[in-house]
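Trainee: Sequence first, predicted coordinates after that:
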Amino acid sequence: MYPTILAIESSCDETSASIISNGKVLNNIIATQSIHEIYGGVVPELASRAHQQKIVPVVRRAMEQANVAMKDLDAVAFTQGPGLLGALLVGASFAKGLAIGLDVPLIGIHHMKAHILAHFIDDPKPKFPFLCLTISGGHTQIVIVRSAMDMEVIGQTQDDAVGEAFDKCAKMLGLPYPGGPVVDQLAAKGDPQKFKFPKTAMAALDYSFSGIKTAFLYFLNRERQKNPTFVEENMNDLCASLQDHLISMLMEKLVQASEQTDIQEIAIAGGVSANSGLRTRLLALAEEKSWNLFIPAFEYCTDNAAMIAMAAHFKYIAGEFDDLEVTAMARMTF
């Protein structure tokens, strides 16, 4: 019999709890925080306070929905990092207290590794080794996954993440936060070839997106000087062109990684993997390159505790536990 584990996710602005038992994720309870919308981005202090308010009812609901009692838990897992430190501390402190009270092991989880292991929640599951493009508001990485416990970053952004590029450029267009999903929606109505933007040349399999934001800002400023209503008149085409450009940059390096490693098992993970334009491009590439492609369900793309639970399951089986000295880490090495 495999363990029954309570997992907690609190790395940013989602308070989430999940129960995994006998290798199967039983639920995935998520409480979102809408207060950040009026500020155009996540406010760390407000996120921490919201986690404090929501963590108990979220955990209680997860336990009740799964029909699992506290005495049935074999371990408690939590997101150790990376993420917002104050938000992480809420989940870490709660998990520690519960683990002490129940006298069960404590398991700290790396947030980005959990995104990758979300592929093992449902079928079909990728075979080892596989490549995973992890893309979010804070990370852009190409990872070779040799096993659930053996992963290596072989390419990554040297500055901003692609998710940040989506959101910041969306803000320049006057779109609401979070801007990435709005860009995706509007892009479906536009011409992706209407406007061209410069690519950033990076060595090997690395990325850079900070220059794209600057180039996009200068482009908008120039066009607005010629026509003050340029953005409003071309919104759909701007979103489509921007999205196509960013996706092309992602795909170029992913194709290189597949060719260099001779791996055709390809997966994506992280919040940006919910982007419909990216999914469409990946499906076309998979057919062209004969890849075995794995795309997670939408509910496992954004931050969630189900992926933390899955990662904790593998760590429990490997006997990797943490003592009470474990600390939340805003920046955490892969």
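Mentor: Here it is on my side, so go on. Numbers count the residues shown, from 1 in each chain.
Trainee: Could I get the full set of helices for this structure?
Mentor: Residue ranges of the helices in the chain, as given by DSSP state H, are 44-65, 85-102, 111-117, 162-172, 179-187, 210-226, 230-261, 276-289, 305-317.
Trainee: would JSON lines of the ones you listed with mean neighbour count, mean pLDDT and distance to A297 be doable?
Mentor: Yep, even glycine has a C-beta here, placed from its N, CA and C like the rest. Putting the helices of the chain into JSON lines (neighbours: other CB atoms under 10 Å; pLDDT from 0 to 100; distance: least, CB to CB, whole Å) gives the following:
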{"stretch": "helix 44-65", "mean neighbour count": "18", "mean pLDDT": "95", "distance to A297": "18"}
{"stretch": "helix 85-102", "mean neighbour count": "20", "mean pLDDT": "98", "distance to A297": "23"}
{"stretch": "helix 111-117", "mean neighbour count": "27", "mean pLDDT": "97", "distance to A297": "13"}
{"stretch": "helix 162-172", "mean neighbour count": "23", "mean pLDDT": "94", "distance to A297": "19"}
{"stretch": "helix 179-187", "mean neighbour count": "21", "mean pLDDT": "96", "distance to A297": "16"}
{"stretch": "helix 210-226", "mean neighbour count": "14", "mean pLDDT": "96", "distance to A297": "29"}
{"stretch": "helix 230-261", "mean neighbour count": "19", "mean pLDDT": "97", "distance to A297": "20"}
{"stretch": "helix 276-289", "mean neighbour count": "15", "mean pLDDT": "97", "distance to A297": "12"}
{"stretch": "helix 305-317", "mean neighbour count": "27", "mean pLDDT": "98", "distance to A297": "10"}
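Trainee: Quick one: closest of these to D123.
Mentor: Across those, D123 has its closest neighbour in helix 305-317 (13.2 Å, CB to CB).
Trainee: excluding its backbone neighbours, what's nearest V56?
Mentor: The shortest distance from V56 to any non-neighbouring residue, by CB to CB, 6 or more residues apart in numbering, is to F94 (8.0 Å).
Trainee: so what's the one you found up against?
Mentor: Residues in contact with F94 (CB atoms under 8 Å, 6 or more residues apart in numbering) are 8, 55-56, 59, 78.
Trainee: Name the nearest of the residues you listed relative to A187.
Mentor: Proximity to A187 was ranked across these by CB to CB; first place goes to I8, at 34.6 Å.
Trainee: For that closest one, which residues count as its bridge partners?
Mentor: With DSSP bridges applied, I8 shows beta-bridge pairing to A17, F78.
Trainee: and it, how many residues sit next to it?
Mentor: Residues lying near I8 (other CB atoms under 10 Å) number 28.
Trainee: residues in contact with it?
Mentor: When the contact criterion is CB under 8 Å, 6+ apart, the partners of I8 are 16-17, 55, 59, 76-79, 91, 94-95, 305, 308.
Trainee: Please report how far it lies from A99.
Mentor: Between I8 and A99 the computed distance is 11 Å (CB to CB, to the nearest Å).
Trainee: Please identify every residue contacting each of these two.
Mentor: When contacts are counted by CB under 8 Å, 6+ apart, I8 and A99 are jointly contacted by V76.
Trainee: wouldn't R146 be in contact with F128 here?
Mentor: Yes. Using CB atoms under 8 Å, R146 is in contact with F128, at 5.9 Å.
Trainee: Next, find the distance separating the residue lying closest to Q260 once chain neighbours are set aside from L254.
Mentor: Setting aside the residues directly before and after it, Q260 is nearest to L205 in space (CB to CB, 6+ apart), at 7.7 Å. According to CB to CB, L205 and L254 sit 9 Å apart.
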